[in-house]
Each structure stands twice: as structure tokens, then as C-alpha cells.
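Engineer: Sequence and predicted structure below; questions after.
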Protein chains: 2
Amino acid sequence: MSPRKSVAETALTRARIVDRAFALAVADGLEAVTIGRLAEDLGMSKAGVIGPFGTKESLQLAVVDEAVDRFRARVTAPLAGATPGAGRLARAFAEWIAYMGSAGHGGCFLTSVAAEFDGRPGPVRDRIREALARWNAFVAGEIAAALAAGELPPTTDPDQLAFELAGTALSADQAIQLWHDPLAADRAHRAVTRLLASPPVTPAP
Amino acid sequence: MSPRKSVAETALTRARIVDRAFALAVADGLEAVTIGRLAEDLGMSKAGVIGPFGTKESLQLAVVDEAVDRFRARVTAPLAGATPGAGRLARAFAEWIAYMGSAGHGGCFLTSVAAEFDGRPGPVRDRIREALARWNAFVAGEIAAALAAGELPPTTDPDQLAFELAGTALSADQAIQLWHDPLAADRAHRAVTRLLASPPVTPAP
DNA sequence: GCTAATAGCGATCGATCGTTCGCTAATGCT
DNA sequence: AGCATTAGCGAACGATCGATCGCTATTAGC
């Protein structure tokens, strides 16, 4: 139908495939994304789908990278200019929670796929772990900045605060994906606000 | 090899299959449990594996039921005699968190399989939703009892408290499954204690 | 306008999926 | 002891999985 479209067009085809694969993965999980199903959905042959990637695992990695890019574009990037600390951390979680509820996304894709692959060693799981580790490092950095700026009491336990903030997001994710709870975002927002206003303290030694 | 073992023996074979399927599902997810793999692991033929169930979906339902039974035996049943309220609720979460960390269980199987099936309509998803709904109802009941007994301040927002308690468990689950964090159980315990000691209040109208 | 390069198709591969058959062989009942 | 019952085997089924071929048809470069 459309052979030899120049290098730019090649990249466009790749993007088209990744985009569709991402949508399918959001709905049914990354492992449920099949070459044949993608080919049918895109009106292509299976060879045309797998061609630009060579391997299904490589396609899966591309989908994970796409998810990371979208997360960053929506959550992290808009806050690049703000000063680190409690304010930026609260805004980051607000963006994340809003992103979970946006159309087509039943919850956070990276969270779901992390649960899906945590028992299957390989490059895909490693890539997901790296992405989540970067997010955790960001949160830890913001907490440290907030402590240094005196926005959090000096008795704050940073790791415990990060643990409970993560739980808030995970609870919102489950409420959205499993129960379609329209109040989930509001509840998560209140929990984050409360956690930053009176964070957990280090236990007495 | 061992035909005609009486009805009791038939049930035993069924239990053997479910037990193995449960172990495989805990490790790799429910969808990764395959008839051929089960047959190989158990030293049986594929027909012998699927025979007692008739259908793979029926086998999946049996695995979900098994998970529910184990959860109940480990978490809910031991507290049947205790009086409802904050104390029993705290103990229930303590049991749950301990169960997550027990050998062979990377986290809570029902939580994982809920995330795995939340986008796939069908009897399996329905069964999981029912189980989680029962747990949520239990938590709500305990919170109501605690409120009635004056163990929680009257300003407590019950749904918000349940939301944040759930988040605590989910965070522990992720910390255990994805990061193998040995401190996860301790962090979750501290979070639960703190939530019950100073629960979120209903927002000013 | 001719030629070299290549994106994507159509066909096919072996493996594995869930499921369905007889059939065998061991058992419970009379 | 003989018979009816049945748990489980071995083999096969159609479908689909990911992957690998030539081959075609279009385009870029000269």
C-alpha cells in the first residue's frame, strides 16, 4: 500500500504502532497486546507491525518508554521551573492524580504494568523499575528540600512520608480502575494535603 | 496411573491442581497459569488437569475462591470472636500485612489479580470484585462500630479513613512485591496506627 | 528516466494455547 | 467374582502466538 515513505515516515509508522499498542495496553495490560491484534487494528500485516521493532519485547520496551514520556510530559515537566519543596511535591501529586482520571486512562499505566511484570524478570521489568525508581528519587528529593526549607517539621520521617504518599496514589489508582469512584481524586488530594500538613514523625528510639 | 480413586480422592486431585495453580498465579499472574504448564508441573496430562473443571475459566474461578479462603482463614477468621471496633480493625490490618510478607506470597494475591483483571469483564473479574467488596464492607463496619463506641472522634470521615487505610495496604503490597522492602510491614503498621489515632475529619461544608 | 534502496505484504514456520475426543485400567458395589 | 463406574491418559483438533522469509511496489538520488 505505502512502501518507501522516507525515514521520517518510517518513524511515523513506528509511532502509530506504539500509540495503538499503548492504548491496548492501558485497557487490557501489556501482555495482552498481541502482534496479530495490533495488525488487525491498524489494518497492517503482522510482519509490518513487528518489522520496525524486530521483537515483541522491543515493542514492549517502546510502549513503556512511551508511557514514561507521557507521564513526564503531563506530571513532571510542567513543574520543572518551580522551586523544589512541599509546594512542588503537592502539585506533582495533584498532576499525577489528575492524569489518572483523564480519559482513556483507567488509572496509572506504569503502576499497573509494574504490578503485571514484577514477577517476570527481564528487560521490560527492569525498564519499569528504573522509571519508578526515578519517580521515588524525585519524591525523596522534594521531601528533603521541603525539610531544608523548613516547610516540614524537623521530626518528619522522610521515608515514612514517601511510603504514605505512595499509598495515597495507589489507593486512588485502585479506586479509579476497579471501582470507577468519581470521588477518588478528591480523596487522594485531601490525603496528600493532610500528609504534608502533619507528616509522620520518626519513631522514638 | 491412578484411575478410580473414589469421590474423596477426586476432590483431592482437584485440590492438588488448584493448589499448584494458586502457587503459579501468585508468582506470575493468573493469566500466566496455563493448562500445559500445570500438567507438566503435576506430572499429568492436559486432559487430566482440565477434566475436573471443564473450562479454564472455571479453574480460574476456583483459584480465586482458594485465594479468598486463604485470606479469610489467615486474616478474618481469627478475629471472629473479638468485638468490632478500632482494635479489631487494627488487628485485621496487622494480619493482612503479615500475610503479605509470608513465604511464597509476594504481596497480596487478590490485590494483584484485581489489577490484572480490572479491565477484562467476565465472571473472574466479578468474583474478585465481590471478594474485595466484602472486605471493604468489613472495614466500613469496623469503622462504624469504632465511631459508635467512641474509639474514633465523631468528626471522623469514615470513607476517607477507609480510603487511606486501603492506600497503606497497597503501598505495603507494592513495596513488598516490587522492591522487596523488608521495612514495608513496619511502615504499614505505623501508618495504620497513626490513621486510627488521628483519623481524617470530614471537610468543612 | 534509470537504478538502488526499502517499507510493508502475503505466506508460512514451529510452538503453544484451550478443548474434545475415545480408550484404558483400576475401583466400589452387589 | 463379576459388572458398572469413572479418573485420567494419549492423541488430536483448530486457533493463535511470535517470528522469518521472499517479493512487490514505491520512492530517493543521480
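Structural biologist: Done, it's in.
Engineer: and A:Ala27, how far is that from B:Ser112?
Structural biologist: The gap separating A:Ala27 from B:Ser112 is 18 Å, by C-beta to C-beta, to the nearest Å. Yep, even glycine has a C-beta here, placed from its N, CA and C like the rest.
Engineer: who's more crowded, those two?
Structural biologist: In this view A:Ala27 and B:Ser112 are compared by other C-beta atoms under 10 Å in any protein chain shown, and B:Ser112 has more residues nearby, 23 against 15.
Engineer: Go through the helices and strands of chain A and name the one with the lowest mean pLDDT.
Structural biologist: Sorting the helices and strands of chain A by mean pLDDT, DSSP states H and E puts helix A:6-28 at the bottom, at a mean of 85.
Engineer: That one: what's the following helix or strand?
Structural biologist: Heading C-terminal from helix A:6-28, the first helix or strand you meet, by DSSP states H and E, is helix A:35-42.
Engineer: For that next one, which helices and strands make contact with it?
Structural biologist: On a contact count with 3 or more C-beta pairs under 8 Å, 6 or more residues apart in numbering or on different chains; DSSP states H and E, helix A:35-42 meets helix A:6-28, helix A:46-50.
Engineer: Adding distance to chain B, write those helices out as TSV.
Structural biologist: Below are those laid out as TSV (distance: least, C-beta to the nearest C-beta, whole Å):
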stretch	distance to chain B
helix A:6-28	5
helix A:46-50	22
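Engineer: what about those, which gets the closest to B:Asp186?
Structural biologist: Proximity to B:Asp186, assessed across the helices and strands packed on helix A:35-42 by C-beta to C-beta, is greatest for helix A:6-28 (34.1 Å).
Engineer: how many degrees apart are that closest one and helix A:35-42 in direction?
Structural biologist: Angle, helix A:6-28 to helix A:35-42, by axes from the mean of the first three to the mean of the last three C-alpha atoms, to 10 degrees: 110 degrees.
Engineer: quick one: helix A:6-28 to chain centroid distance?
Structural biologist: Here helix A:6-28 is found 18 Å from its chain centre; the criterion is C-alpha atoms, centre = their mean, to the nearest Å.
Engineer: Give me the contacts around it.
Structural biologist: Helix A:6-28 has contacts (C-beta atoms under 8 Å, 6 or more residues apart in numbering or on different chains) with A:5, A:32-33, A:37-38, A:41-42, A:49, A:52-53, A:59, A:62-63, A:66-67, A:70, A:104-106, A:109, A:112-113, B:119-120.
Engineer: what's the burial count for A:Asp19?
Structural biologist: If you count neighbours by other C-beta under 10 Å, A:Asp19 ends up with 13.
Engineer: same question but for A:Pro203, I mixed them up
Structural biologist: Quick note: A:Pro203 (other C-beta under 10 Å) scores 9 neighbours.
Engineer: Help me confirm that it is found in a helix?
Structural biologist: No: per DSSP: H, G, I helix; E, B strand; the rest coil, A:Pro203 lies outside any helix segment and is coil.
Engineer: on that earlier part again, from the contacts of helix A:6-28, keep the buried residues only.
Structural biologist: Neighbour-count burial (16 or more other C-beta atoms under 10 Å in any protein chain shown) is assigned, among the contacts of helix A:6-28, to A:33, A:37-38, A:42, A:49, A:52-53, A:59, A:62-63, A:66-67, A:105-106, A:109, A:112-113, B:119.
Engineer: Could you tell me which of those belong to helices?
Structural biologist: A:37-38, A:42, A:49, A:59, A:62-63, A:66-67, A:109, A:112-113 (DSSP state H).
Engineer: nearest spatial neighbour of A:Tyr99, skipping sequence neighbours?
Structural biologist: Spatial nearest neighbour of A:Tyr99, excluding adjacent residues (C-beta to C-beta, 6 or more residues apart in numbering or on different chains): A:Arg74 at 4.8 Å.
Engineer: hmm, back to that, wait, which of the helices and strands packed on helix A:35-42 is closest to DNA strand D?
Structural biologist: Proximity to DNA strand D, assessed across the helices and strands packed on helix A:35-42 by C-beta to the nearest atom of the strand, is greatest for helix A:46-50 (3.6 Å).
Engineer: where in chain A is pLDDT low?
Structural biologist: Scanning chain A for pLDDT under 70 picks out A:1-9, A:103-105, A:204-205.
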